[in-house]
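S.K.: okay, predicted coordinates and the sequence, questions at the end:
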Amino acid sequence: MERHEQINQPRVKIFINNFIGGLAWALGATVGLALIIAILTLILKNASLVPFIGSFVADIVKFVITKNPNLLSR
C-alpha cells in the first residue's frame with residue numbers, strides 16, 4: 001500500500017490494525033523476556049556464585065554491626 005492509501009482508510013480499520021500490532025509486540029516482548037530470564041537463571045544456577053554473594057553480604061553485615069553495635073540491642 002502506498003502512503004496516501006493508508007491515510008484514506010477508515011479510522012476503525014487503522015485502530016484495529018494498530019491494536020493487533022500492539023498486542024503482538026507485547027506478546028513478543030513478554031515471551032522474549034521470559035526466555036532471557038530463564039536462560040540467565042540456568043546460567044546463574046550453574047555458576048556457583050551463591051557462596052561468593054553470601055560471603056560478601058556476611059562481610060557487609062559484620063562491618064555494619066562492628067561500626068554500630070546498637071543495632072543488635074533493638
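M.R.: Everything's here; your move. Predicted model only: the values in this text are computed from it and were never measured. Residues are numbered from 1 along each chain as shown.

S.K.: how about residues contacting the helix or strand that contains F63?
M.R.: F63 belongs to helix 50-67 when assigned by DSSP states H and E. Residues from elsewhere that reach helix 50-67 (Cβ atoms under 8 Å, 6 or more residues apart in numbering): L71, L72. Backbone N, C-alpha and C define where each C-beta goes, glycine included.

S.K.: and that helix, what's its mean pLDDT?
M.R.: When pLDDT is averaged along helix 50-67, the result is 81.

S.K.: so how far is it off the chain centroid?
M.R.: The gap between where helix 50-67 is centred and where its chain is centred comes out at 27 Å by Cα atoms, centre = their mean, to the nearest Å.

S.K.: how about it as PDB, C-alpha atoms only?
M.R.: The C-alpha atoms that make up helix 50-67 are tabulated as PDB, following Å, rounded to 0.1, in the frame of the first residue of the first chain:
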ATOM      1  CA  VAL A  50      25.800 -18.000  45.700                       C
ATOM      2  CA  PRO A  51      28.700 -18.700  48.100                       C
ATOM      3  CA  PHE A  52      30.600 -15.700  46.900                       C
ATOM      4  CA  ILE A  53      27.500 -13.400  47.200                       C
ATOM      5  CA  GLY A  54      26.600 -14.900  50.600                       C
ATOM      6  CA  SER A  55      30.100 -14.300  52.000                       C
ATOM      7  CA  PHE A  56      30.100 -10.700  50.500                       C
ATOM      8  CA  VAL A  57      26.800  -9.900  52.300                       C
ATOM      9  CA  ALA A  58      28.000 -11.500  55.500                       C
ATOM     10  CA  ASP A  59      31.100  -9.300  55.400                       C
ATOM     11  CA  ILE A  60      28.900  -6.200  54.900                       C
ATOM     12  CA  VAL A  61      26.700  -7.200  57.800                       C
ATOM     13  CA  LYS A  62      29.700  -7.800  60.000                       C
ATOM     14  CA  PHE A  63      31.200  -4.400  59.100                       C
ATOM     15  CA  VAL A  64      27.900  -2.600  59.900                       C
ATOM     16  CA  ILE A  65      27.500  -4.400  63.200                       C
ATOM     17  CA  THR A  66      31.000  -3.600  64.300                       C
ATOM     18  CA  LYS A  67      30.600   0.100  63.400                       C
END
